[in-house]
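*Asks:* mind looking at a prediction? Sequence and model below.
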Amino acid sequence: QVQLVESGGGLVQPGGSLRLSCTASGFSLGYLAIGWFRQAPGKEREGLSCIATGDGRTYYADPVKGRFTISKDNAKNTVYLQMNVLKPEDTAVYYCATGHPDVCSGREILSQDMGYWGRGTLVTVSA
């Protein structure tokens, strides 16, 4: 069974950090794009970052550039999103999704270009 599971969300104070995990089962992350998205209440889902698991190239959207870092561990079939200097506006449900490697080519990542999705993990940034 193909499955993506996000974990690592929670409540954090402004300025704090969290590391999200996206673990795949039923398939290998060997040559794909894995994207991280988020959706805040009342807002559209937005693409944040992606990594091409074959060659490691990455992309970051402007709102998270310099604060978030995406990485992969092929042995654990897991992609991570390290989130630092978190702000209240980062509060959202965070999702990971798979896509063709070309999705991660230095341009905006779009929900419609992705295939399998996880169910999300909630990140709340609040004092």
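*Replies:* Nice, I can see it.

*Asks:* can you give me the strands in this structure?
*Replies:* Secondary structure of the chain by DSSP state E: the strands cover 3-7, 10-12, 18-25, 33-39, 46-52, 58-60, 68-73, 78-83, 92-99, 114-117, 121-125.

*Asks:* which one of these lies closest to residue 108?
*Replies:* Of all these, strand 46-52 sits nearest to residue 108, with 6.1 Å by Cβ to Cβ. C-betas here are computed from N, CA, C, even on glycine.

*Asks:* show me what that closest one is packed against.
*Replies:* With contacts taken as 3 or more Cβ pairs under 8 Å, 6 or more residues apart in numbering; DSSP states H and E, strand 46-52 sits against strand 33-39, strand 58-60, strand 68-73, strand 78-83.

*Asks:* mean pLDDT, mean neighbour count and distance to residue 107 added to the strands of the chain, as CSV?
*Replies:* CSV is the format used below for the strands of the chain (pLDDT from 0 to 100; neighbours: other Cβ atoms under 10 Å; distance: least, Cβ to Cβ, whole Å):
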stretch, mean pLDDT, mean neighbour count, distance to residue 107
strand 3-7, 96, 17, 22
strand 10-12, 98, 14, 30
strand 18-25, 97, 19, 21
strand 33-39, 97, 25, 12
strand 46-52, 97, 24, 10
strand 58-60, 97, 18, 7
strand 68-73, 97, 17, 15
strand 78-83, 98, 22, 19
strand 92-99, 97, 23, 12
strand 114-117, 96, 17, 14
strand 121-125, 98, 18, 25
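
*Asks:* alright, calling it a day.
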